[in-house]
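Asks: Dropping a prediction and its sequence here:
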Amino acid sequence: GESVGLHLPTLSVQEGDNSIINCAYSNSASDYFIWYKQESGKGPQFIIDIRSNMDKRQGQRVTVLLNKTVKHLSLQIAATQPGDSAVYFCAEIEGSGYALNFGKGTSLLVTP
Amino acid sequence: DGGITQSPKYLFRKEGQNVTLSCEQNLNHDAMYWYRQDPGQGLRLIYYSQIVNDFQKGDIAEGYSVSREKKESFPLTVTSAQKNPTAFYLCASSRQVSFGYTFGSGTRLTVV
């Protein structure tokens, strides 16, 4: 199937800085995108989603940007906190799809 | 509180034995999914079900079986035919296919 990949497997940021996690996707028919956060030994938690008719969506301290032209998705976390340390996954699905397709994940480490 | 429950959290089995992982949701979601996660990897789809009494193979269904006799329940059986069953198994549900998933907390299966 189509692949969803991440540019960086690990990202280390200092507490208080902004974090940007990137994701490239290859299926031009993808129309729904989600970011999940997974802490060690736990199931993924929904962070934020965006549909293809939007290019930006904001939540609490998080923003997702979608660039359909280059098939790129990013997650921005403002004022990163130690509790943000986790693995972040992007996932995508096209309208005719049957299940989310997940990328391999980026490990975010927040240092004091 | 509504949610999705996986049990047990940890499971140990001898090689050659079948084992069934439980997944129950009280979110009234139609769709349910099973994913497998290996260390440092993304999530790979094993089986999915969009409605009661119907389920479909995902990308890595060989050696696994499921049933969907009730809307709330989607158990996964790892059979002796699965060559490398040791992994972290995640169950998820969603209202419809192109909506965000709610994940369970996972079952870590170790086969010795």
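Replies: Thanks, I have the structure now.
Asks: Could you tell me how many residues sit around residue A:39?
Replies: Residue A:39 has 12 neighbouring residues, counting by other Cβ atoms under 10 Å in any protein chain shown. Every residue, glycine included, has its C-beta placed from N, CA and C.
Asks: Looking at chain A, what residue ends up closest to chain B?
Replies: Nearest residue of chain A to chain B, counting by Cβ to the nearest Cβ: residue A:43, 3.5 Å away.
Asks: Kindly report the residues of chain B close to chain A.
Replies: Contact residues (Cβ under 8 Å from any Cβ of the partner chain) of chain B with chain A: B:6, B:33, B:35, B:40-45, B:48, B:50, B:56, B:58-59, B:90, B:92, B:97-98, B:100-106, B:108.
Asks: what about the strands in chain B?
Replies: B:4-7, B:10-13, B:19-25, B:31-37, B:43-51, B:54-57, B:64-66, B:76-78, B:87-94, B:102-103, B:107-111 (DSSP state E).
Asks: Filter the residues of chain B next to chain A down to just the buried residues.
Replies: When these are checked for burial by 16 or more other Cβ atoms under 10 Å in any protein chain shown, the buried set is B:6, B:33, B:35, B:42-45, B:48, B:50, B:58, B:90, B:92, B:97-98, B:100-104, B:106.
Asks: Spell out which residues sit in contact with residue B:8, please.
Replies: B:22, B:107 (Cβ atoms under 8 Å, 6 or more residues apart in numbering or on different chains).
Asks: Identify the bridge partners of the residue of chain B found nearest chain A.
Replies: Nearest residue of chain B to chain A, counting by Cβ to the nearest Cβ: residue B:103, 3.5 Å away. When assigned by DSSP bridges, residue B:103 has beta-bridge partners residue B:92.
Asks: Assess the claim that it and residue B:88 are in contact.
Replies: No: counting by Cβ atoms under 8 Å, residue B:103 stays clear of residue B:88, with 11.3 Å between them.
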